[in-house]
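1. Mind folding the following:
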Amino acid sequence: MHENRIFYYDFLRAFAILAVVMCHIGFFFGSLDTLTKIIYHDSIHAIGLMGVPIFLMLTGALLLNKKISLPKFFKRRFSRICFPFIFWVVIILASGFLIFNWNLEIALRRFMGEASILWYFWTLIGIYLFIPIINSFIREYQMKGLEYFLIIWFFTILLKTFQLWPLFPPFEFNFNFELNYFTDFIGFVILGYYLDNKDFKINSINMLIISCLTLIISIGLYDYLILNHVYIGPVYQNLINVFMAIGIFLFIKQLDKLNILEHMKDNLIGKLITSLSIYSYGIYFVHFIIYHYFMLFDFHSNKMIPIMIIIVLGISCGIIWILSKIPYINRVSY
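-> Residues are numbered from 1 along each chain as shown. So this is what the prediction gives:
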């Protein structure tokens, strides 16, 4: 399990699952009665919003441009995501009925991905169905083809960010300029592969600085706009979120390129990062139950947010670690 792993992928995946937990915890814990608390809360939420894009970008880095037959691809990848999903959806729905007093309508809505953590599974299914087509495109057109796709994708993100899609919402124009094939989450998958393989003609130190500044400025701009109640587009599909994801992805990549991550790879922190990466899919599902349980208590304090992040992530990781030691269960739990 630990052989032939790319540590900077593990680092990014561990960051992504931490970010997802931060995002969900930040929604439900903490009062927002002062400017400092609002900025603190929004910053946590901004970091949390990087989780899903990073997961998708890693999907692209790992799965695109691979020579594998369709039957083998679907057998390997669908079994990898479907069996844990089936395992956890049963547990999540059971806990919903037994602990959270769900009715059948709420359970069905959660299962179908509405206002629920399970939406990500259905998103992955759609992406996996499209990956073999993207692979053929990459083999034919290489990086230039990806740049063509990403330019149009960035244009659609620009339209959504500045509310220009559709271009004339007050009027009943039948504007048939169709760009939906380039929109939504598939762009992050292609972006991840592109950034992972693109050889930027920039000094590694300068690239590290640029990516760090991109990340910091994007988070600061997110805080400023949210504080001033400015609409920045759909969640994930806006320029700020895209540049936050680019910043953290390239920053960690450059740390690895400069061998800075190599020093922690085999120590306790490195092993913890690798474990979080390996268990991330299972943690993604189980933490839903854990943080919803804590929501039953009144923890309305911003001071509780970092504490709850550590507790929820620790309990979730511990549960997956235990399940990983149980025969048969370990094959379907993460």
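2. Now do the contacts for the residue positioned nearest the centre of the chain.
-> For the chain, the residue nearest the mean C-alpha position is residue 52 (1.3 Å; CA atoms, centre = their mean). Under the criterion of CB atoms under 8 Å, 6 or more residues apart in numbering, the contact partners of residue 52 comprise 16, 20, 120, 185, 236. Where C-beta positions appear, they are placed from N, C-alpha and C, glycine not excepted.
3. Can you add secondary structure, pLDDT and neighbour count and give these back as JSON lines?
-> Below are the contacts of residue 52 laid out as JSON lines (DSSP: H, G, I helix; E, B strand; the rest coil; pLDDT from 0 to 100; neighbours: other CB atoms under 10 Å):
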{"residue": "16", "secondary structure": "helix", "pLDDT": "96", "neighbour count": "25"}
{"residue": "20", "secondary structure": "helix", "pLDDT": "93", "neighbour count": "25"}
{"residue": "120", "secondary structure": "helix", "pLDDT": "92", "neighbour count": "21"}
{"residue": "185", "secondary structure": "coil", "pLDDT": "92", "neighbour count": "18"}
{"residue": "236", "secondary structure": "coil", "pLDDT": "88", "neighbour count": "19"}
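4. what's the closest of these to residue 206?
-> For the contacts of residue 52, the residue nearest residue 206 by CB to CB is residue 16; the value is 25.7 Å.
5. any idea how far that closest one is from residue 51?
-> Distance of residue 16 to residue 51, given as CB to CB, to the nearest Å: 5 Å.
6. And the closest residue to residue 91 other than its chain neighbours, which helix or strand is it part of?
-> Distances taken as CB to CB, 6 or more residues apart in numbering place residue 289 nearest to residue 91, at 7.1 Å, with adjacent residues excluded. When elements are assigned from DSSP states H and E, residue 289 belongs to helix 280-294.
7. neighbouring contacts of that helix?
-> Applying CB under 8 Å, 6+ apart, the set of residues contacting helix 280-294 is 13-14, 16-17, 20-21, 24-25, 28, 55, 81, 84-85, 88-89, 91-92, 95, 99-100, 116-117, 120, 276, 308, 311-313, 315-317, 319-320, 323, 333-334.
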